[in-house]
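S.K.: Using only what follows, build the 3D model:
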Amino acid sequence: MAEVVGAVFEFCWEFGIERAYRRWGWFGGVAAFLAPFLTAAGIIAIALNV
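M.R.: Numbers count the residues shown, from 1 in each chain. Purely as a prediction, here's the structure:
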């Protein structure tokens, strides 16, 4: 299980965060890193308010 999680994390890092960092600098890297967390938080907030 740890290998699968590691592979998924590495894939997301290489093709998401690294690409955004190269394209838009620090702002893009931070935005790409925080996007999944903010999306999950938004979904939870919507689910709890309904």
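S.K.: Show me the helices in the chain, by range?
M.R.: For the chain, the helices defined by DSSP state H cover 2-12, 18-49.
S.K.: tell me, how many neighbours does residue 43 end up with?
M.R.: Here the number of neighbours of residue 43 (other Cβ atoms under 10 Å) works out to 10. Quick note: C-beta positions are derived from backbone N, CA and C, even for glycine.
S.K.: thinking again about what came up before, please work out which of the helices of the chain is packed deepest.
M.R.: helix 18-49 (a mean of 12; mean count of other Cβ atoms under 10 Å).
S.K.: mean confidence for that helix?
M.R.: Per-residue pLDDT over helix 18-49 has a mean of 92.
S.K.: between it and helix 2-12, how many degrees?
M.R.: Going by axes from the mean of the first three to the mean of the last three Cα atoms, to 10 degrees, helix 18-49 is angled at 110 degrees with respect to helix 2-12.
S.K.: distance between helix 18-49 and the chain's centre?
M.R.: Distance of helix 18-49 from the chain centroid (Cα atoms, centre = their mean, to the nearest Å) equals 5 Å.
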